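In: sequence? don't have it. structure:
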């Protein structure tokens, strides 16, 4: 900006000396008329519903606090403010080196800390405080995934581990100092040889009663801690996940606190740390590897909410069954999947808002001789590429909100449901984001290649979401396994289904009409029926296939592996139905009016595109070939009906202009010679 | 020289080739904007935009004020007579004028040689060029009156560096010409003795391309020294405190600063916040925060909703009380209701931002369709 001003000033001086009139001769206006002109989509698009109401619905909670932190970021020079086409944008400079990105990310976090963003994040409890925290974290992620991951590791992994695995002595010592970043925490669970399979980790901890210390060691290279966010540069402390060997007995995985750096940032004795190196994205996060060389830590550093070791070296735990112990241990970590699922949807929103705004201002090819070029979004094919993804993003927004709600209101009884729902949602929502970003990247053409325009870059930044906190494929298998267990247990005890949204299985199997008219297809009852039928049938098929395999003498585990195709279809059917339910519930709560009407269209699009994309409907014969053709035609019709609302629908995402990218606005001006 | 000198006219018009000089002419009332003045300005602005012979518009004030604000005394009279809707009409016209100026296709030069407050900022800051002088006194004093910085202030205050806008909008702090230039509220600083020559030079502009006016203005502008005790030199403290989430947190951040070192400026800042209407402070902060993420049009639409709630007085009657204490009785001792910040609940704040529920035909502010809408005018939400 200052360069620009200097240049203007030079021009003025030159003109002054030469006594000529300032720039912009009359020719210029002539060429302007011939040239393409940017026309803001707002001028031509109408808005039939209250965008603010829709935004409140989508964000679900803490809208004022979201706006506050958006403002905090736009007002600081730390967030790489830049002007393009007369507008201010904030987004990281991804052309910085990895080291620079790490340092600036840390500085941004300091800034947010100083402004009180993290106040109460560990010292306050209750649903309201938790939701506020989630909202603020989401906005961090809209600015830059690295910021939200680095904050997330510190508060949600390190901080929550102390809070939930630890007891009073840990809380007093660590929570406040974590909230104030006096200690910087990381979370050493994953190893080179073990990721999703946490129970297989190889780090070993023994107890030395003579000094009342635990001794942590990395027995082999595959036991090195890997991808530990914060470990490479900044973290002073870590949670260590390790097998606990007491008197020769392995008591399973336990969590310990270890200091890895002193306050000056020097690595502590008996610790070795190496960098994970440059990554395909998320380079603002300093992922590192850790080896423990018989590191000694005080006995009190065992996080002992579930189990403890007495000073003379006796193992004590209220939960005798090691499986249950492990489950109790891992339950609080669900927060990771909750935040990942909702942040994936916000990333998809950035991509869609950008691509749709661009497609409402960019034209290509005329369809008549000498006629004007056609707006991208007026091509039915372009509508078909973007609008179904928009509808899915809406539905999944409600799904993410519902997941947050059940998470913040969790009780021991809801743990299982949260595990299953969060697994399914995390996988489906992060996959959806990756697919959406790729489509948006292609939909904005070459502009999507420019890092500054974000959509392309975000693919690299968010790709890891499909892997961390549980590989998506593994998570989907867990969904099917959980449904199987639920089915078997209900049948065995001859009890009705309750929970996990399976209550519909207590009723009779829905019958679908042979002929599908437009109004049938858009009817919420019909849509619910198809989704229920699919889930029910797949669950029945899955359980009977497992039973058959077991009948032939296969073990339960082998049977699951053999049935992976049905498991995959079932996991998807369950998750898609759960998502549909959340948007139906949101719609039902609304008073009659334009917001409800438009949301109804969006919901129908979500339901029908999910049916169109799923080959299992034909494969298992839930719909006929003719039915599937009707669904496809209806999707196309819905594209046309959603087209007029496209701008208002992405505006309702509530993402401020400055957090989108230059191609979402005046991309001609942003690329003008005067801005070079 | 064709000068319209009719003494009854509250807006004087001079035509000098391609330039129109508009002079606010209500010096006894410090050029406070009457309903008449607003209608006249709007009518003139729209006509000049259509008239190809007009290249530039100059706006200035007669006497020691550029413009001390809106004519709130008249609005309060209407409210007291049970006619809040008349007041709503006043604000509606005023905001439409602000919007037209913010999206004006020809350069507007406002000469701020004196007091610029509230509504006065609304008819100048949105324009292309704002000339401050050594006589300029700028303030947004609304929170002390039980109102909030309206006239599109949530748009321009929120875009000042850091959190200076929150400071100016919440405390009503006075800025001089040098400070206005430093923070960007003014684009140029010209000593008042050179204004006559500047005006004459500007009258030679023959094109509506702003670079012509800009060249002339650049030749007159000076870089004034920011006074030693200027608030703008305290931007670090302002950013640290006024960035906080709530008004309560802003005040406690300031109090923490004050305990670290005795400082007259911080105490004065705290005092002005404590004297202001709690309701006003809370809705003002939220308005600026929302405005930061919105275009000028959306800001004005939101402010219109807010101002209608203010004058309707169902949530708080602080506006009438503030005007009584400051403008009418001048006892400077308003009895705010709610009295304390903590009594002004989030749910009450929220109401100011919703549509006005009214039997009858209350409608959101309808902005006129504008050609050549600049990027700044279009923002989402």
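Out: Perfect, thanks for sending it. What you are looking at is a predicted structure, and each value in this text was computed from that prediction instead of being measured.
In: all strands for the stretch 151-300 of chain B, in order.
Out: Applying DSSP state E, counting those that start in this stretch to the stretch 151-300 of chain B gives strands spanning B:175-176, B:188-189.
In: pLDDT averaged over stretch B:365-372, what's the number?
Out: Across stretch B:365-372, pLDDT averages out at 84.
In: just how off-centre is the helix or strand encompassing residue A:89 within its chain?
Out: For residue A:89, the host element (DSSP states H and E) is strand A:87-90. Relative to the centre of its chain, strand A:87-90 is centred 24 Å away, using C-alpha atoms, centre = their mean, to the nearest Å.
In: Return the set of buried residues in it.
Out: Within strand A:87-90, the residues scored as buried using 16 or more other C-beta atoms under 10 Å in any protein chain shown are A:87, A:89, A:90. C-beta here means a position set from N, CA and C on the backbone, and glycine is covered the same way.
In: which secondary structure element contains the residue nearest to the spatial centre of chain A?
Out: For chain A, residue A:344 is the residue whose C-alpha lies nearest the centre (C-alpha atoms, centre = their mean; 2.7 Å). Here residue A:344 sits within helix A:334-359, counting by DSSP H and E.
In: what is the rounded mean pLDDT of that helix?
Out: 97.
In: still on that earlier bit, which one of the strands of the stretch 151-300 of chain B lies nearest to chain A?
Out: strand B:188-189 (13.0 Å; C-beta to the nearest C-beta).
In: How about residues contacting that closest one?
Out: For strand B:188-189, contacts defined as C-beta atoms under 8 Å, 6 or more residues apart in numbering or on different chains pick out B:129-133, B:177-178, B:180-181, B:217-218, B:220-224.
In: Give me the sheet partners of that strand and which way each runs.
Out: Here strand B:188-189 is paired, per DSSP bridges, with strand B:129-132 (parallel).
In: what separates the strand it pairs with from the chain centre, distance-wise?
Out: Here strand B:129-132 shows a centroid-to-chain-centroid distance of 14 Å under the convention C-alpha atoms, centre = their mean.
In: Identify the residues contacting the helix or strand just after it?
Out: Per DSSP H and E, the first helix or strand lying C-terminal to strand B:129-132 is strand B:137-139. Strand B:137-139 is contacted by residues B:112, B:114-118, B:121, B:132, B:168, B:172-176, B:179-180, B:185 when judged by C-beta under 8 Å, 6+ apart.
In: can we see that at 7 Å?
Out: Applying C-beta atoms under 7 Å, 6 or more residues apart in numbering or on different chains, the external contacts of strand B:137-139 come out as B:115, B:116, B:117, B:121, B:172, B:173, B:174, B:175, B:176, B:180, B:185.
In: Please apply the same query to stretch A:319-330.
Out: Stretch A:319-330 is contacted by residues A:165, A:199, A:252, A:253, A:306, A:307, A:317 when judged by C-beta under 7 Å, 6+ apart.
In: Skip ahead from the helix or strand of chain B with the lowest mean pLDDT and say which helix or strand is next.
Out: In chain B, no helix or strand scores lower on mean pLDDT, DSSP states H and E than strand B:2-3, which sits at a mean of 44. Next helix or strand after strand B:2-3 toward the C-terminus (DSSP H and E): strand B:11-16.
In: Chain A against chain B: which residues are in contact?
Out: Neighbours of chain B within chain A, by C-beta under 7 Å from any C-beta of the partner chain: A:12, A:15, A:22-24, A:40, A:42-43, A:51-52, A:55, A:64-65, A:67-68, A:70-72, A:74-75, A:85-87, A:115-116, A:651, A:654, A:656-657, A:665-666.
In: Could you pick out the buried ones from those?
Out: Neighbour-count burial (16+ other C-beta under 10 Å) applied to the residues of chain A next to chain B gives A:12, A:22, A:40, A:42, A:51-52, A:55, A:64-65, A:67-68, A:70-72, A:74-75, A:85, A:87, A:115-116, A:651, A:654, A:656-657, A:665-666.
In: In strands only, show me the residues you listed.
Out: Filtering those for membership in strands, criterion DSSP state E, returns residue A:87.
In: Name the residues that touch stretch A:350-361?
Out: Residues contacting stretch A:350-361 (C-beta under 7 Å, 6+ apart): A:38-39, A:41, A:45, A:142, A:375-377, A:382, A:386, A:389-390, A:393, A:436-437, A:440, A:443-444, A:454-455, A:458, A:646-647, A:650, A:653, A:655, A:660-661, A:663-664.
In: what sits against the residue nearest to the centre of chain A?
Out: A:429, A:430, A:433, A:462, A:465.
In: again, but for residue A:364
Out: For residue A:364, the contacting residues are A:373, A:374, A:376, by C-beta under 7 Å, 6+ apart.
In: Which of the residues you listed has the largest number of neighbours?
Out: Ranked by the number of neighbours (other C-beta atoms under 10 Å in any protein chain shown), the contacts of residue A:364 place residue A:376 first, at 24 neighbours.
In: Would you indicate which residues of the longest helix belonging to chain B are buried?
Out: Using DSSP state H, we find that the single longest helix of chain B is helix B:84-102. For helix B:84-102, burial by neighbour count (16+ other C-beta under 10 Å) applies to B:84-88, B:90-102.
In: do the same with stretch A:276-285
Out: Buried residues in stretch A:276-285, counted by 16+ other C-beta under 10 Å: A:276, A:279, A:281, A:282, A:283, A:284, A:285.
In: for the stretch 1-150 of chain B, which spans come out with low pLDDT?
Out: Applying pLDDT under 70 to the stretch 1-150 of chain B picks out residues B:1-8.
In: tell me, how many neighbours does whatever residue of it ends up closest to chain A end up with?
Out: Here the stretch 1-150 of chain B gets closest to chain A at one residue, residue B:103, 11.9 Å apart by C-beta to the nearest C-beta. Here the count is done by other C-beta under 10 Å, and residue B:103 has 22 residues near it.
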